[in-house]
Every structure is written in C-alpha cells, then in structure tokens.
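In: Starting from these lines, generate the structure:
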Amino acid sequence: MPETRDAAYFNARSEGALPGHLGIRFTSVSPEVMHSELTVAAHHMAPNGFLHAGTLVTLADTSCGYGCVLNLPPEASGFTTIELKSNHLGTATQGVVQCVATLVHAGRTTQVWDAVVKHQQTGKTLALFRCTQMVLYPK
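Out: Numbers count the residues shown, from 1 in each chain. Modelled structure (predicted):
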C-alpha cells in the first residue's frame with residue numbers, strides 16, 4: 001500500500017533539510033494546491049533587518065517542489081527545478097508568512113507552478129512566483 005502524502009508527510013520530509021531549518025510548515029496539500037507557512041524569526045532576516053528574499057524563494061520553491069512530488073508519473077525518478085521567477089512586492093519583520101502554490105501544468109517532462117506569498121496578519125502580497133520543474137526518469 002502506498003504511503004500517505006499528506007501535510008504531516010511533507011513536514012517530516014523537511015526535517016534536517018533547509019525547509020525544516022527555516023521552519024516551513026505545510027498546512028494543506030493536494031495535487032493541485034499546496035498551502036505552507038513559516039513564522040518570521042531572526043534567522044529569516046537580511047542584514048538590513050527585513051525578511052530575506054531567499055526565505056520567500058525557499059518557501060515558494062519548496063511548496064511548488066512538494067506539489068510536483070504529488071504529480072510525478074509513476075515511472076519518474078524525481079524532479080529538479082529548472083527555472084524560478086520571483087517578483088518581490090513587499091517585506092515583513094514579524095508574523096506569519098503564508099504561501100499558496102497552484103499547479104498550472106502537469107506534463108510528462110515538465111510541471112509549472114505559480115505561488116503567491118502573503119503576510120497572514122496584513123493580507124499584503126509579499127511575492128509572486130512561477131516555477132518550472134523538469135521531471136526526471138531513470139536511464
């Protein structure tokens with residue numbers, strides 16, 4: 001019987017890796033939409049005292065990548081991100097940052113995901129993303 005790939009599965013998968021170190025938590029997952037969040041802390045900040053862009057990129061890329069996992073063809077061996085575009089529209093110094101990643105295209109060789117990152121308390125959009133993943137197959 002295949003393992004259940006729910007929010008708890010992806011949270012456990014993140015432990016010991018960058019998403020776990022950053023405190024990224026998945027709250028809801030499906031093959032079409034991934035919901036994740038993190039609570040802003042000192043290690044998320046750039047030297048200027050504002051949220052580091054890399055924190056938001058990691059949140060979005062992880063959300064899109066884990067969504068890709070849910071959509072891999074059975075014969076695929078994995079995936080890799082081949083392009084990530086980000087537009088940063090705002091920042092935060094505290095609170096919770098939430099990401100909603102949405103499947104745009106699920107093909108045999110590529111997947112495309114869009115992600116929106118917002119500040120939970122203000123509702124302000126902090127960043128918009130588009131990720132393209134290449135589906136990998138064994139040789």
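In: hey, let's count contacts and neighbours off CA atoms from now on
Out: Will do.
In: and the lengthiest helix in the chain, average pLDDT?
Out: Assignment by DSSP state H gives helix 53-70 as the longest helix of the chain. For helix 53-70, the mean per-residue pLDDT is 98.
In: now the protein, which segments are flagged as low pLDDT?
Out: Residue ranges of the chain with pLDDT under 70: 1-2.
In: can you give me the strands for it?
Out: 25-29, 33-39, 78-88, 96-106, 110-119, 125-136 (DSSP state E).
In: Format these as CSV; extra columns: distance to residue 46 and mean neighbour count.
Out: What follows is the strands of the chain, written out as CSV (distance: least, Cα to Cα, whole Å; neighbours: other Cα atoms under 10 Å):
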stretch, distance to residue 46, mean neighbour count
strand 25-29, 21, 19
strand 33-39, 15, 21
strand 78-88, 14, 15
strand 96-106, 16, 21
strand 110-119, 17, 23
strand 125-136, 15, 20
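In: Out of those strands, which is closest to residue 53?
Out: strand 78-88 (7.6 Å; Cα to Cα).
In: For residue 26, list the residues it contacts.
Out: 7-8, 10-11, 34-37 (Cα atoms under 8 Å, 6 or more residues apart in numbering).
In: Of the strands of the chain, which is nearest residue 71?
Out: Per Cα to Cα, nearest to residue 71 of these: strand 96-106, 7.0 Å.
In: out of the contacts of residue 26, which one sits closest to residue 79?
Out: residue 10 (15.8 Å).
In: Next up, the contacts around that closest one.
Out: Contacts of residue 10 (Cα under 8 Å, 6+ apart): 26, 66.
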